[in-house]
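Asks: this one's structure only:
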């Protein structure tokens, strides 16, 4: 193991005055909101949606639906491969802070939530595309996601992570539109009904290499399940308010970016297949460019290839081969 292989962690507040830094992936949910003429209104509206959703789920001892608000911090993780002081922006995640206006308490919520990674862009938008360019049938390259998974596990087990965060991360994503989900009888008071997919997906397999399990739940007031990626025991390792902080934050982003699924006018039934062509949905008053987002993923993948994968190829290969947790 390279003893000079280190992470540095910094954070800034995600509020209506947020401006993305130069190293932020501009397809990231919160960065995408903070661009263009409507940037401040976008951020203000999204943050209000998050607070409203939080209070609707945390309804006990909260008669006016105004007891709580959420503060969000964007956590940036840079990695220094050779101990030279040259760093690469490896991961960006979100941390929630729960503000209780009744007691005055501020408590750490969940870290993770949104997950942003240049190396993942490289894997999916450069490596995977190149591998399948002239192939008659879609296939996955050998060792696909291995390096990214090991980097993530190494970060979560690092001293830097433990110094900054009390619990391991939870990442919350949209469900896949090419899978069918079946509702079970398992119901959690905050996460809602659990759904089971008919098959595993490439995203699930990729996150598994990061050490993460996945479960699908449709929270109360929601119209579609969310995918929760986690270590350990999702239902018992986190408090209800911590779980609500993730649900309210990430479902708000999904309502903006995937309104066909998460702002649909019909609620998912016992057997559910998400549909990105669903016309029966409502739009939020928040402006963004989904087509631009997909084009930028390729650009960001090439950035990772040029500034991280190629320059450190030998060191990364050697580290990955020797890595074990």
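Replies: Good, I have the coordinates. On a predicted model such as this, the values are computed, not experimentally measured, just so you know. Residues are numbered from 1 along each chain as shown.
Asks: Count the neighbours of residue 167 for me.
Replies: Per other Cβ atoms under 10 Å, the neighbour tally for residue 167 reads 17. The way it works is simple: take the backbone N, C-alpha and C, and place the C-beta from them, glycine included.
Asks: cool, residue 178 as well?
Replies: By other Cβ under 10 Å, the residues close to residue 178 number 10.
Asks: can you confirm residue 242 is in a strand?
Replies: No. Counting by DSSP: H, G, I helix; E, B strand; the rest coil, residue 242 is not part of a strand but helix.
Asks: Which residues lie in contact with residue 260 in this structure?
Replies: For residue 260, the contacting residues are 274, 275, 276, 277, 278, 279, 281, by Cβ atoms under 8 Å, 6 or more residues apart in numbering.
Asks: In CSV: these, plus neighbour count and distance to residue 255.
Replies: Output for the contacts of residue 260, formatted as CSV (neighbours: other Cβ atoms under 10 Å; distance: Cβ to Cβ, whole Å):
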residue, neighbour count, distance to residue 255
274, 21, 14
275, 13, 16
276, 12, 14
277, 6, 17
278, 16, 13
279, 8, 16
281, 17, 9
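Asks: Considering the residues you listed, which is situated nearest to residue 305?
Replies: Within the contacts of residue 260, the smallest distance to residue 305 is 28.3 Å, found for residue 276 (Cβ to Cβ).
Asks: That closest one belongs to a helix, doesn't it?
Replies: No. Secondary structure of residue 276 (three-state DSSP): coil, not part of a helix.
Asks: for it, what are its contacts?
Replies: By Cβ under 8 Å, 6+ apart, residue 276 lies in contact with 177, 258, 260, 261.
Asks: Show me where the stretch 151-300 of the chain has its helices.
Replies: For the stretch 151-300 of the chain, the helices defined by DSSP state H, counting those that start in this stretch cover 159-164, 202-209, 234-237, 240-257, 259-262, 290-304.
Asks: Tell me which residues of the first one come out buried.
Replies: Neighbour-count burial for helix 159-164, counted by 16 or more other Cβ atoms under 10 Å, picks out 161, 164.
Asks: Of all pairs in the contacts of residue 260, which one is the farthest apart?
Replies: Largest separation among the contacts of residue 260 by Cβ to Cβ: 274 and 279, giving 14.0 Å.
Asks: Point me to the residue sitting farthest from the middle of the chain.
Replies: residue 136 (32.1 Å; Cα atoms, centre = their mean).
Asks: Which element, helix or strand, includes that one?
Replies: Using DSSP states H and E, residue 136 sits in no helix or strand.
Asks: Equivalent analysis for residue 110, please.
Replies: strand 106-116.
Asks: And the helices in the stretch 1-150 of the chain?
Replies: Under the criterion DSSP H, counting those that start in this stretch, helices of the stretch 1-150 of the chain are mapped to 29-33, 39-57, 118-122, 128-131, 146-156.
Asks: about what we covered before: and the strand holding residue 110, what does it pack onto?
Replies: On a contact count with 3 or more Cβ pairs under 8 Å, 6 or more residues apart in numbering; DSSP states H and E, strand 106-116 meets strand 68-80, strand 88-100, strand 170-174, helix 240-257.
Asks: The last one relative to strand 88-100, how many degrees between them?
Replies: Spelled out, it's helix 240-257. 120 degrees (axes from the mean of the first three to the mean of the last three Cα atoms, to 10 degrees).
Asks: helices or strands up against helix 240-257?
Replies: helix 29-33, helix 39-57, strand 68-80, strand 88-100, strand 106-116, strand 170-174, strand 226-230, helix 259-262.
Asks: try it again with 6 Å
Replies: Counting contacts by 3 or more Cβ pairs under 6 Å, 6 or more residues apart in numbering; DSSP states H and E, helix 240-257 packs against helix 39-57, strand 88-100, strand 106-116, strand 170-174.
Asks: from the chain's centre, how far out does that helix sit?
Replies: 11 Å (Cα atoms, centre = their mean, to the nearest Å).
Asks: Check residue 29 and give its pLDDT.
Replies: pLDDT, residue 29: 58.
Asks: what about the most centrally placed residue in the chain, distance to residue 310?
Replies: Nearest residue to the geometric centre of the chain (Cα atoms, centre = their mean): residue 114, 2.5 Å. Counting by Cβ to Cβ, to the nearest Å, the separation of residue 114 from residue 310 is 27 Å.
Asks: How about residue 319?
Replies: 15 Å.
Asks: Equivalent analysis for residue 239, please.
Replies: In terms of Cβ to Cβ, residue 239 sits 44 Å off from residue 310.
Asks: between the two, which one's more packed in?
Replies: residue 239 (15 against 10).
Asks: Now the phi/psi pair for that one, please.
Replies: When read as degrees, to the nearest 10, the backbone of residue 239 gives phi -80, psi 170.
Asks: Can you tell me how far it is from residue 161?
Replies: Distance from residue 239 to residue 161, by Cβ to Cβ: 20 Å.
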